[in-house]
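Student: with the sequence up front, the predicted model follows.
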Amino acid sequence: MSTTEQVLAIVESVPPGRVTTYGSIADVVEGASARSVGHALRTDGHGVPWWRVVTAGGRPAPGAEAAAHERYLEEGTPLIAFGDGVYTVDLAAATWHVEADGPP
């Protein structure tokens, strides 16, 4: 299974309302980095719940904040609002741990 296929399989396993980080995925996919996880999602991740992967600070992919925010509200993902539409995912409440909770 290629690195991209592994990344996409993990992202598909993240339950609604939960998130994982680019780095957490990279930690379990041999040869992957947080940057390569982001690249896989950007180029091949349109069919998976890409919004469930965030930065280590709880932010969605740059430029996708509004679309991700809609999905978070639909799924009941815990958020921390800072006003004026600025938010992060509440990682303490929403983190799904790849190694403990699912694939590979």
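Tutor: All right, it came through fine.
Student: quick one: the helices in the protein?
Tutor: 3-13, 22-28, 34-44, 65-75, 91-94, 98-101 (DSSP state H).
Student: packing partners for the fourth one?
Tutor: Think helix 65-75. For helix 65-75, the packing partners by 3 or more CB pairs under 8 Å, 6 or more residues apart in numbering; DSSP states H and E come out as strand 86-89. Bear in mind the C-beta positions are built from the backbone N, C-alpha and C, glycine included.
Student: closest to Thr55 out of the helices of the chain?
Tutor: Of all the helices of the chain, it is helix 22-28 that lies closest to Thr55, at 6.6 Å by CB to CB.
Student: ok, residues contacting the closest one?
Tutor: 7, 10-11, 32-38, 53-56, 97-99, 104 (CB atoms under 8 Å, 6 or more residues apart in numbering).
Student: for Phe82, give me the pLDDT.
Tutor: What the model reports as pLDDT for Phe82 is 87.
Student: could you check how far the closest residue to it other than its chain neighbours is from Ser36?
Tutor: Spatially, and ignoring its direct neighbours in sequence, Phe82 is nearest to Thr88 (7.6 Å; CB to CB, 6 or more residues apart in numbering). As for Thr88, its distance to Ser36 is 23 Å (criterion: CB to CB, to the nearest Å).
Student: cool, Ala64 as well?
Tutor: Counting by CB to CB, the gap from Ala64 to Ser36 is 18 Å.
Student: OK, contacts around Thr77?
Tutor: 16-19, 71, 89, 94.
Student: next one, pLDDT for the spatially closest residue to Val28 that is not a sequence neighbour please.
Tutor: Nearest residue to Val28, sequence neighbours excluded (CB to CB, 6+ apart): Val98, at 5.1 Å. Looking at Val98, its pLDDT is 84.
Student: surely Val98 touches Val7?
Tutor: No - applying CB atoms under 8 Å, one finds Val98 not in contact with Val7, separated by 10.6 Å.
Student: looking at the two, which one has more neighbours?
Tutor: Val7 (28 against 21; other CB atoms under 10 Å).
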